[in-house]
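Peer 1: Below are the sequence and a predicted model; questions follow.
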Amino acid sequence: MASLKPFKGAAYDIAHHAQSGLSYLYPYVGELCKKGNLTSVTIKLMDDDPYPQELEFLKPFSLAVHSLVTKFKEIVLKLELPIGEVAQMDLTIFFNNGYGSLFSVKSKVLLKSGTTWNQLVE
């Protein structure tokens, strides 16, 4: 079997994408976290419903979350990695300095083998 280390790169790539304007998380994620008085929120990309339950439902944010799921699968496919090896893929968004467009994203990929990689994009 080929090395699964490229999953580390996939974890970084999806975190970087989530932080960028191309993910369309901003401004919704900040507004929803502010409403909920939260300084962080986790999106579980491999769950049947990846929308964070602690946040009020907002359709544009829901569309952005589901787009992240698709983007992660595209990244894995482009790297020719087996998506079936992924047990968990979480993106945690942190607001350390208010709820503006500047936020950090930590990605955590857990493989079925137990191997875990964490990536932080600030």
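Peer 2: Structure received.

Peer 1: A helix includes residue 14, no?
Peer 2: Yes: applying DSSP: H, G, I helix; E, B strand; the rest coil, one finds residue 14 inside a helix.

Peer 1: For the remainder of this discussion, apply numbering that starts at 34.
Peer 2: Got it, the first residue is 34 from now on, which makes the last one we talked about residue 47.

Peer 1: Phi, psi for the closest residue to it other than its chain neighbours please.
Peer 2: Residue nearest to residue 47 in three dimensions, not counting chain neighbours: residue 105, with 4.7 Å by Cβ to Cβ, 6 or more residues apart in numbering. C-beta: built from backbone N, CA, C; applies to glycine. Phi and psi for residue 105, reported as degrees, to the nearest 10, are phi -60, psi -40.

Peer 1: What count of nearby residues applies to residue 105?
Peer 2: 25 (other Cβ atoms under 10 Å).

Peer 1: Spatially central, which residue of the protein would that be?
Peer 2: Centroid check for the chain by Cα atoms, centre = their mean gives residue 124 as the closest residue, at 3.1 Å.

Peer 1: tell me the secondary structure for the closest residue to that residue other than its chain neighbours?
Peer 2: The shortest distance from residue 124 to any non-neighbouring residue, by Cβ to Cβ, 6+ apart, is to residue 76 (4.7 Å). Assigned state for residue 76: strand (three-state reduction, three-state DSSP).

Peer 1: still on that earlier bit, would you confirm that the residue nearest to the centre of the chain contacts residue 79?
Peer 2: No: with contact defined as Cβ atoms under 8 Å, residue 124 does not count as touching residue 79 (10.9 Å).

Peer 1: got a list of what the closest residue to residue 68 other than its chain neighbours touches?
Peer 2: In space, and not counting its chain neighbours, residue 68 is closest to residue 89: 6.1 Å by Cβ to Cβ, 6+ apart. By Cβ atoms under 8 Å, 6 or more residues apart in numbering, the contact set of residue 89 is 65, 68-69.

Peer 1: and with 10 Å instead?
Peer 2: 64-65, 68-69 (Cβ atoms under 10 Å, 6 or more residues apart in numbering).
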